[in-house]
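Chemist: Curious how this folds, go ahead:
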Amino acid sequence: MGNLFCSNYMIHRRYDLKGSTFGRLTDKPESEIDATTTLKDLDLNFLFRLQKTWFQEFRRQVDRDCDFLEQERIMDYSMLVGLHFRESPDDEHTPSGALTPVDNGSSETESVPRLSRADVDQLLLDPAGWASIRLGINMPARVERVERTNDCELVGEPTGEYYDVVMFFGIIDILQDYDITKKLEHAYKSIQYDPNSISAVDPKQYSRRFRDYVFKVFAEDT
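Modeler: Presented below is the predicted three-dimensional model:
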């Protein structure tokens, strides 16, 4: 997490996403959730909207990574997502906890330019523009707020309420293979809970469920 979020941008919201529901809710009351809280699947209240070219590359990369992890019998990995909100803190529409960029060791706090859709399109045509922006790193994007109709719903309904953000994301925790411990965990929890809701499942099923979920919460910005 520290490596992925190493940036001059303050990370206002961070999510650890697996695509499962059992135990995937923070145990903090809303009043105590801040920029240091790692939220989970059932806490997620945004959809992530990427520019078309980036979204297509994102899909290809997730497919390649999941194919590899499935082949290596790896499961229980997560998509770690960090959001920096561009809106100033006195904006009435800014989510709770959204602050301006902070100085992480530089002599001056960096200002964050607001990029229009035309700016983003132009950036993609400019090779120099890729110097600091890569897939999952310093990516200008938009998020759309969603609302759940029930507590167990994995992906909420879009509200049409958008925020400009800088996004950071990547797949983490890629060293857990489906060993005897995880097989026993799966067997035990399957007796008490819906087998599809728990994290410990066969790598093939895990990969399929992870992709299905990620491609619902990440979408092309239209």
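Chemist: a strand runs through N196, doesn't it?
Modeler: No - counting by DSSP: H, G, I helix; E, B strand; the rest coil, N196 falls outside a strand, being helix.
Chemist: who's in contact with it?
Modeler: In this structure, N196 makes contact with S20, R209, judged by Cβ atoms under 8 Å, 6 or more residues apart in numbering. (Each C-beta comes from the backbone N, C-alpha and C, glycine too.)
Chemist: what do you get for M139?
Modeler: Shown in contact with M139 (Cβ under 8 Å, 6+ apart): L50, W54, I133, V166, M167, F168.
Chemist: what pLDDT does the last one get?
Modeler: It stands for F168. On pLDDT, F168 comes in at 95.
Chemist: Please name the residues that touch it.
Modeler: Residues in contact with F168 (Cβ under 8 Å, 6+ apart) are 4-5, 7, 9, 11, 81-84, 136-139.
Chemist: before we move on, what about the fifth one?
Modeler: Contacts of M167 were listed using Cβ under 8 Å, 6+ apart, and they are F48, L50, V81, G82, L83, H84, G136, M139, P140, A141.
Chemist: Distance from the chain centre to the helix or strand harbouring it, please.
Modeler: In the assignment (DSSP states H and E), M167 maps to strand 157-172. Chain-centre distance of strand 157-172: 7 Å, with Cα atoms, centre = their mean, to the nearest Å.
Chemist: Taking the centroid of this structure, which residue is nearest it?
Modeler: V81 (3.0 Å; Cα atoms, centre = their mean).
Chemist: so that one touches F48, yeah?
Modeler: Yes - between V81 and F48 there is a contact under Cβ atoms under 8 Å: 6.9 Å.
Chemist: Common neighbours of the two, please.
Modeler: Overlap of the contact sets of V81 and F48 (by Cβ under 8 Å, 6+ apart) consists of M167, F169.
Chemist: can you pull out the strands in this protein?
Modeler: 13-17, 38-39, 46-50, 78-85, 139-147, 157-172, 218-220 (DSSP state E).
Chemist: and the last one, what does it pack onto?
Modeler: Okay, so that is strand 218-220. Under the contact criterion of 3 or more Cβ pairs under 8 Å, 6 or more residues apart in numbering; DSSP states H and E, strand 218-220 touches strand 46-50, helix 52-71.
Chemist: Ok, the shortest one next?
Modeler: Helices and strands in packing contact with strand 38-39 are listed as strand 13-17; criterion 3+ Cβ pairs under 8 Å, 6+ apart.
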